[in-house]
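Novice: One predicted model, sequence on top.
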Amino acid sequence: MNILIEDADTLKFFTSEGLWSKTVTEGKHFSGTAAAFKAAKQEPVGKFNIVGYVGETRQFINLDHGKGKGAAELAA
């Protein structure tokens with residue numbers, strides 16, 4: 001299972017390049033939910049989900065959620 005950060009509004013996945021992609025296979029894989037959550041809290045995203053993705057069955061499992069540094073907060 002791959003652990004990824006998903007933008008809850010756009011359903012895009014955070015990539016290793018610091019961008020967002022609609023393609024799940026381009027998403028950055030994290031070693032655990034705690035590492036993904038910590039990284040997501042620092043990103044310019046509003047609401048996010050930490051999801052597990054099982055490639056063999058193409059299933060998502062919601063593991064956690066939270067709020068990052070939204071665009072408005074970064075501009076201030």
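Specialist: Perfect, thanks for sending it.
Novice: what kind of secondary structure is residue 37 in?
Specialist: Look at residue 37: counting by DSSP: H, G, I helix; E, B strand; the rest coil, its state is helix.
Novice: Pretty sure it sits against residue 50.
Specialist: Yes - using C-beta atoms under 8 Å, residue 37 makes contact with residue 50 at a distance of 5.7 Å. No exception for glycine: its C-beta is placed from N, CA and C like everyone else's.
Novice: any common contacting residues for these two?
Specialist: Residues touching both residue 37 and residue 50 comprise 64, 66, with contact defined as C-beta atoms under 8 Å, 6 or more residues apart in numbering.
Novice: Neighbour count: the two, which is higher?
Specialist: residue 50 (23 against 19; other C-beta atoms under 10 Å).
Novice: For the protein, which element, helix or strand, carries the lowest mean pLDDT?
Specialist: In the chain, no helix or strand scores lower on mean pLDDT, DSSP states H and E than helix 71-75, which sits at a mean of 48.
Novice: Run through the protein and note the low-pLDDT ranges.
Specialist: Counting by pLDDT under 70, the chain contains low-confidence ranges at 71-76.
Novice: Now do the strands in it.
Specialist: Ranges of strands within the chain are 2-7, 13-14, 20-21, 47-54, 59-67, based on DSSP state E.
Novice: Mind checking these for the one nearest to residue 41?
Specialist: For the strands of the chain, proximity to residue 41 was assessed by C-beta to C-beta; strand 59-67 is nearest, at 6.5 Å.
Novice: Check which helices and strands that closest one sits against.
Specialist: If you count contacts as 3 or more C-beta pairs under 8 Å, 6 or more residues apart in numbering; DSSP states H and E, strand 59-67 packs onto helix 33-41, strand 47-54.
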